[in-house]
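Asker: the amino acid sequence is not available; the structure is as follows:
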């Protein structure tokens, strides 16, 4: 009888031990949350921005999960060699595919982030070739749940407007390292520097452009004189925050000796075309 009771006691202890082991497996298997940084502005963190209230759950936002580059030391070394005239790599620039293969996030990591985003209900709107951004479209409710935040409206401490921001730094259960999530606050807004001239304004400049506006050729004549530099083989990228009509560009540079092809690259759902005031956009340095 004693042996039987002893056996039953040992068996019960073993069952309890096994149960504890099985119960602890899910907790151990659960991925630790990855906490990100620099998404909450100081005005929110220190209370200078007055809290208005939570954003509506059904409001939609467009975000982008940003992934870090790989092989940073190798990339830094390559950049130095690309601009070192004594290096055999001088100006041997990589194609997009070559750059992605050596330095961009791996396809496996990128697809893991896409899978994570879709599992949280987001729509993945764009997948760039360099695999550095996962563009998302989703509701505030989905953002709150996926990143463990409460998207909140605040009053701007120095401007007469409101803005939105997460109430804390976002975190997510994802094994792939994330560098940043763009679009989680609009505390700072881009502002155009272009100013409209008054109706009675009379231009006194003597440039070669319409109404005497100065063009790139005028700058060249003023600063370069008769030099043979043509810019052949060079490309210039201009970031524009408004649209323009290509016909306006053609008209502005009609007769220019430096006619170059212009390619529009539209981002984030932007559309080409002028809103009636594209003077600044159609007069880039040529």
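Answerer: Great, that's in hand. Being a predicted model, the structure only gives us computed values, none of them experimental.
Asker: what's the spacing between the nearest residue to residue 107 once chain neighbours are set aside and residue 237?
Answerer: Leaving aside its chain neighbours, residue 107 sits nearest to residue 131 (6.9 Å; criterion: Cβ to Cβ, 6 or more residues apart in numbering). Just so you know, the C-beta spots here come from the backbone N, C-alpha and C atoms, and that holds for glycine as well. Residue 131 is 21 Å from residue 237, where distance means Cβ to Cβ, to the nearest Å.
Asker: between the two, which one's more packed in?
Answerer: Higher neighbour count among residue 131 and residue 237: residue 131, with 18 against 6, using other Cβ atoms under 10 Å.
Asker: next, give phi and psi for that one.
Answerer: phi 60, psi 30 (degrees, to the nearest 10).
Asker: so it touches residue 69, yeah?
Answerer: No - here residue 131 lies out of contact with residue 69, judged by Cβ atoms under 8 Å, at a distance of 10.1 Å.
Asker: shared neighbours, these two?
Answerer: By Cβ atoms under 8 Å, 6 or more residues apart in numbering, residue 131 and residue 69 have these common neighbours: 104, 105.
Asker: A strand includes residue 193, no?
Answerer: No - going by DSSP: H, G, I helix; E, B strand; the rest coil, the assignment for residue 193 is coil, not a strand.
Asker: ok, it - how many residues close by?
Answerer: By other Cβ under 10 Å, neighbour count at residue 193 equals 5.
Asker: roughly how far does it sit from residue 143?
Answerer: Applying Cβ to Cβ to residue 193 and residue 143 gives a distance of 32 Å.
Asker: same thing with residue 175?
Answerer: According to Cβ to Cβ, residue 175 stands 20 Å off from residue 143.
Asker: those two: who's more crowded?
Answerer: residue 143 (28 against 11).
Asker: can you tell me which residues contact the closest residue to that one other than its chain neighbours?
Answerer: Excluding its sequence neighbours, the residue lying closest to residue 143 (Cβ to Cβ, 6+ apart) is residue 151, at 5.8 Å. With contact set as Cβ under 8 Å, 6+ apart, residue 151 has these partners: 54, 55, 61, 140, 143, 144, 164, 165, 166, 167, 184.
Asker: by neighbours, which of the residues you listed wins?
Answerer: residue 143 (28 neighbours).
Asker: sec struct for that residue, please.
Answerer: helix.
Asker: got any ranges where this structure has weak pLDDT?
Answerer: Low-confidence segments of the chain (pLDDT under 70): 1-31, 202-205, 210, 252-260, 268-269, 276, 278-281, 283-286.
Asker: what about the strands in it?
Answerer: 34-35, 51-54, 60-66, 123-126, 133-139, 151-155, 162-166, 171-172, 180-182 (DSSP state E).
Asker: would you list those strands in JSON lines and tack on distance to residue 84?
Answerer: Listed next are the strands of the chain as JSON lines, based on distance: least, Cβ to Cβ, whole Å:
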{"stretch": "strand 34-35", "distance to residue 84": "38"}
{"stretch": "strand 51-54", "distance to residue 84": "53"}
{"stretch": "strand 60-66", "distance to residue 84": "30"}
{"stretch": "strand 123-126", "distance to residue 84": "35"}
{"stretch": "strand 133-139", "distance to residue 84": "30"}
{"stretch": "strand 151-155", "distance to residue 84": "47"}
{"stretch": "strand 162-166", "distance to residue 84": "43"}
{"stretch": "strand 171-172", "distance to residue 84": "40"}
{"stretch": "strand 180-182", "distance to residue 84": "31"}
